[in-house]
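Participant: sequence unknown, structure follows:
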């Protein structure tokens, strides 16, 4: 743990010069995600020279621009595939991806499921705001049923993606979901994600007052935050209710978003397994070539 | 641990110096010799052997092979690895090349050194997977959206598959641009003699690293070493905290998307870094061109029957010759112009319905007749078919 440091110092230390102001609207949660990431990195004592950021397209994907580290702002949905290459070239770097729900599970769904399945060593901070915010509020694959979007003007009739449960099913090493207005749990999860070998997903529910909240009449920013409070439940509380609750209580929690740590598994990441294979092959070759191997 | 190229280990893993081997495998060998340590690929006929070769060989020299989820992911991972500071490549064929167009443009815009080997097959769409074609010669030039220049090489032999892959890596490093090796299903699956060059027979180019410290270094400005239009490269992990974006950006790499001059300045520089050096790219083989009155201008697999046809024509007393474009893009326009003033007729055999025919017509500017000799459907031209274009009666 580092010594006491105040918020302004944190920002001076980690923000990239010349990139502010951010593109984020009032009430958007994405700035909080930047702050939480700074605190996590500070508390872990990581040198920013050892951090590589990647992102796709969308509001959340602009985050690497604001952070003073190497950053690859890529094409829509592809960040995880780019990040795979970064990590392969620099196995000692901490690769952190910032992405959104549309970027990661709409256009980038295939890259997401395979990066998670392969347990590629990276930390994915996914900002889920239920909407394509940057382009003005089109339907995202995460939008709850009934949501109004510019491309779903009569209400969303589709089943939404449950990203954290999907990642859990794919065997990702670490999966957590938190609403953005709790600071401590996301910071702790980002720290745990960075420390986890393999694929770590931290899904942060981040409100989009401009493109989602306004159109769906969720009210002012404080009401919007209250909506998240009312519509989320800790995994432990949910399980307790489902086990011991009355039918009424069960019905009340059934439609809520589960929050908490979905998965925490100890297993080697892709590159650890790959490295082991390489060492074995090289040792075999060296033995075959008569001990000396390559000069 | 970062990859360290070990030439002794690479040579041992590749085996005999002289081999009888497929063009696709020669591409993989070329990548290894050139120091490629990352290959991201996806299976596709007739390019899969490149990935299979890399899957077998790369781990044994300490490199990384990953079979990605698709060709979009393949080229993305390659670009990521390149920014990680290593030499990286992929290989594909038409349908995969189409999927790569998005990030091919990203590599151009972000000036990322990397190589794509395109083992061309017929199209549109899935076409004839096992059969060769040259139908992507314009796609490599114009296939991604926006204004850009391309660097594309076209091997005619298995040996050139190796040699040109090394050259492609070198060009990508020198110009910070995605370079395409435009081979095809015929050359890719052809088995021929291959001689693997020794370490002292090759020259390798490395991207130039910044001379100035972080803060003073400009990652997307003309080189701060010598003013060349190719910026110096600060790989991730070297402390420069480079920000890389496909958006129009300033010399610091920061997005600047709403002013006309910012965009024009950037795009002109990434085009001119290649076109200013046009002369250095010219790589042409001339066959009996000294006194030629009629000439093939061709490239890749098509040059093989064309060469035979020239010999047949010469036997029949016809002054025929061939100009083979080993580098197709950037287009050797001055050399084509010069030929057009020397010969009466240029014939352009291609395994497509006339693609490189068009820039040839553009740059000959009616100084001579230009005739297309197209053949599609996955068969190479037969020598006698081409000899007829030269006036040989069979």
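Facilitator: Arrived safely. If you're wondering where the values come from, they're calculated on a predicted model, not measured in any experiment.

Participant: where in the stretch 101-250 of chain A is pLDDT low?
Facilitator: For the stretch 101-250 of chain A, no stretch has pLDDT under 70.

Participant: Please, where are all the strands along it?
Facilitator: Using DSSP state E, counting those that start in this stretch, the strands of the stretch 101-250 of chain A run over A:122-128, A:131-132, A:138-139, A:174-179, A:199-205, A:232-234.

Participant: now swap in the stretch 101-250 of chain B and tell me
Facilitator: According to DSSP E, counting those that start in this stretch, the strands that the stretch 101-250 of chain B contains are B:114-120, B:151-153, B:178-184, B:191-195, B:243-245.

Participant: For residue A:180, find the nearest of the ones you listed.
Facilitator: Shortest separation from residue A:180 across the strands of the stretch 101-250 of chain B is recorded for strand B:243-245, at 24.1 Å, computed as Cβ to Cβ. For every residue, glycine as well, the C-beta is placed using N, CA and C.

Participant: That closest one - which strands sit beside it in the sheet, and in what orientation?
Facilitator: If you go by DSSP bridges, strand B:243-245 pairs up with strand A:70-73 (parallel).

Participant: Out of the strands of the stretch 101-250 of chain B, the one nearest residue A:126 is which?
Facilitator: Across the strands of the stretch 101-250 of chain B, closest to residue A:126 is strand B:243-245 (Cβ to Cβ), at 19.9 Å.

Participant: what's downstream of the closest one, the next helix or strand?
Facilitator: Sequence-wise, the next helix or strand downstream of strand B:243-245 (DSSP states H and E) is helix B:260-275.

Participant: and residue A:131, what are its bridge partners?
Facilitator: Bridge pairing for residue A:131 - DSSP bridges - gives residue A:139.

Participant: hang on, isn't it packed against residue A:210?
Facilitator: No: in this structure residue A:131 lies outside contact range of residue A:210 using Cβ atoms under 8 Å: 9.1 Å.

Participant: longest helix of chain B?
Facilitator: Using DSSP state H, we find that the single longest helix of chain B is helix B:158-175.

Participant: elements contacting that helix?
Facilitator: Of the remaining helices and strands, those touching helix B:158-175 by 3 or more Cβ pairs under 8 Å, 6 or more residues apart in numbering or on different chains; DSSP states H and E are helix B:23-34, strand B:87-92, strand B:114-120, strand B:151-153, strand B:178-184, helix B:185-189, strand B:191-195.

Participant: Tabulate the strands of the stretch 101-250 of chain A (CSV), appending mean neighbour count and distance to residue B:341.
Facilitator: Below are the strands of the stretch 101-250 of chain A laid out as CSV (neighbours: other Cβ atoms under 10 Å in any protein chain shown; distance: least, Cβ to Cβ, whole Å):
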stretch, mean neighbour count, distance to residue B:341
strand A:122-128, 28, 58
strand A:131-132, 30, 57
strand A:138-139, 19, 57
strand A:174-179, 26, 68
strand A:199-205, 28, 62
strand A:232-234, 18, 77
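
Participant: So for residue B:225, which of those strands sits nearest?
Facilitator: By Cβ to Cβ (comparing all of the strands of the stretch 101-250 of chain A), the closest turns out to be strand A:122-128, at 33.4 Å.

Participant: Let me know whether that closest one sits next to chain B.
Facilitator: No: counting by Cβ under 8 Å from any Cβ of the partner chain, chain B is not contacted by strand A:122-128; separation bottoms out at 10.6 Å.

Participant: Relative to that strand, what are the paired strands and their orientations?
Facilitator: Strand A:122-128 has these strand partners (DSSP bridges): strand A:94-100 (parallel), strand A:199-205 (parallel).

Participant: Now distance to residue A:86 too, for the ones you listed, in a markdown table please.
Facilitator: Converted to a markdown table, the strands paired with strand A:122-128 look like this (distance: least, Cβ to Cβ, whole Å):
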| stretch | distance to residue A:86 |
| --- | --- |
| strand A:94-100 | 5 |
| strand A:199-205 | 14 |
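
Participant: Out of the ones you listed, which gets nearest to residue B:33?
Facilitator: Per Cβ to Cβ, nearest to residue B:33 of the strands paired with strand A:122-128: strand A:94-100, 28.9 Å.

Participant: Who are the packing partners of whichever helix or strand comes after the closest one?
Facilitator: For strand A:94-100, the following helix or strand on the C-terminal side (DSSP H and E) is helix A:101. Counting contacts by 3+ Cβ pairs under 8 Å, 6+ apart, helix A:101 packs against strand A:122-128.

Participant: Next, the angle strand A:174-179 makes with the strand it packs on.
Facilitator: If you take axes from the mean of the first three to the mean of the last three Cα atoms, to 10 degrees, strand A:122-128 sits at 30 degrees to strand A:174-179.

Participant: Quick one: residues in contact with strand A:122-128.
Facilitator: Strand A:122-128 is contacted by residues A:29-30, A:33, A:37, A:59-60, A:80, A:83-84, A:87, A:94-101, A:104, A:115, A:142, A:163, A:180, A:190, A:193-194, A:196, A:199-206 when judged by Cβ atoms under 8 Å, 6 or more residues apart in numbering or on different chains.

Participant: Now do it: distance to the chain's middle.
Facilitator: Here strand A:122-128 is found 1 Å from its chain centre; the criterion is Cα atoms, centre = their mean, to the nearest Å.

Participant: And the pLDDT at residue 270?
Facilitator: Defaulting to chain A. Looking at residue A:270, its pLDDT reads 98.

Participant: wait, I meant chain B there
Facilitator: 98.

Participant: check contacts around the closest residue to it other than its chain neighbours.
Facilitator: Distances taken as Cβ to Cβ, 6 or more residues apart in numbering or on different chains place residue B:111 nearest to residue B:270, at 6.2 Å, with adjacent residues excluded. Each residue near residue B:111 by Cβ under 8 Å, 6+ apart is listed here: B:176-177, B:220, B:230-231, B:270.

Participant: ok, 7 Å please
Facilitator: Neighbouring residues of residue B:111 by Cβ atoms under 7 Å, 6 or more residues apart in numbering or on different chains: B:176-177, B:231, B:270.

Participant: quick one: it from residue B:276, how far?
Facilitator: 15 Å (Cβ to Cβ, to the nearest Å).

Participant: try residue A:234
Facilitator: In terms of Cβ to Cβ, residue A:234 sits 62 Å off from residue B:276.

Participant: Next: residue A:129.
Facilitator: 45 Å.

Participant: Next: residue B:264.
Facilitator: 16 Å.

Participant: leaving aside the residues next to it on the chain, what's closest to residue B:356?
Facilitator: residue B:137 (5.6 Å).

Participant: quick revisit: would you format the strands of the stretch 101-250 of chain A as a markdown table with distance to residue A:42 included?
Facilitator: Formatted as a markdown table, the strands of the stretch 101-250 of chain A follow (distance: least, Cβ to Cβ, whole Å):
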| stretch | distance to residue A:42 |
| --- | --- |
| strand A:122-128 | 15 |
| strand A:131-132 | 31 |
| strand A:138-139 | 36 |
| strand A:174-179 | 19 |
| strand A:199-205 | 17 |
| strand A:232-234 | 26 |
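
Participant: Out of the ones you listed, flag the one nearest residue B:323.
Facilitator: strand A:122-128 (49.4 Å).

Participant: Test my guess that residue B:234 contacts residue B:217.
Facilitator: Yes: Residue B:234 lies in contact with residue B:217 (Cβ atoms under 7 Å); the separation is 6.3 Å.
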